[in-house]
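[1] Build me a model:
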Amino acid sequence: MYIVHVHVHVKPDHVEQFITATKKNARKSAGNEPGVARFDVIQQADDPTCFVLLEVYRTPGDASRHKETQHYNRWHAVAESMMAEPRTRVVYKNIYPSDLGYSISLGA
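    Numbers count the residues shown, from 1 in each chain. This is a model prediction of the structure:
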């Protein structure tokens, strides 16, 4: 698995719009891209302007293909202006559960 945590700091007056746009991107990613094992959006409890996108891809190539999709490009075009600073990312390797333990998350 190729695991990416994208850290995003959003302008305070754009938090709700960012959530809406990001949830739409996450749903389309997890629901339509076979290389996406998981795509979670979490918000920092003590600072609602800070988010982490937890993206789990089957391969590094799947992460690259994700950035070529229409829904990602739509999200990027809208969300970029909502950010208080450039987003950052950290790539991780999987330890536990095994790669077979990941499943697509299609929650509301």
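
[2] For the spatially closest residue to residue 75 that is not a sequence neighbour, pull up the helix or strand it's in.
    Leaving aside its chain neighbours, residue 75 sits nearest to residue 25 (3.8 Å; criterion: Cβ to Cβ, 6 or more residues apart in numbering). Just so you know, the C-beta spots here come from the backbone N, C-alpha and C atoms, and that holds for glycine as well. Per DSSP states H and E, residue 25 falls inside helix 15-32.

[3] Return the set of buried residues in whichever strand or helix holds residue 3.
    Using DSSP H and E, residue 3 sits in strand 2-9. Using 16 or more other Cβ atoms under 10 Å as the test for burial, strand 2-9 gives 2, 3, 4, 5, 8, 9.

[4] what does stretch 14-26 give?
    So for stretch 14-26, counting by 16+ other Cβ under 10 Å, buried means 14, 15, 18, 19, 21, 22, 25, 26.

[5] still on that earlier bit, which secondary structure elements does the helix holding residue 25 contact?
    Packing partners of helix 15-32 (3 or more Cβ pairs under 8 Å, 6 or more residues apart in numbering; DSSP states H and E): strand 36-43, strand 50-57, helix 70-79.

[6] returning to that earlier point: right, and out of the buried residues of strand 2-9, which lies closest to residue 52?
    residue 5 (5.4 Å; Cβ to Cβ).

[7] Quick check: the gap between the residue nearest the centre of the chain and residue 98.
    Closest to where the C-alpha atoms of the chain average out (Cα atoms, centre = their mean) is residue 53, at 3.6 Å. According to Cβ to Cβ, to the nearest Å, residue 53 and residue 98 sit 23 Å apart.

[8] before we move on, the earlier item: the strand holding residue 3 vs strand 36-43, what angle?
    Angle, strand 2-9 to strand 36-43, by axes from the mean of the first three to the mean of the last three Cα atoms, to 10 degrees: 20 degrees.

[9] Tell me the helices and strands packed up against strand 2-9.
    Going by 3+ Cβ pairs under 8 Å, 6+ apart, strand 2-9 lies up against strand 50-57, helix 60-66, strand 88-93.
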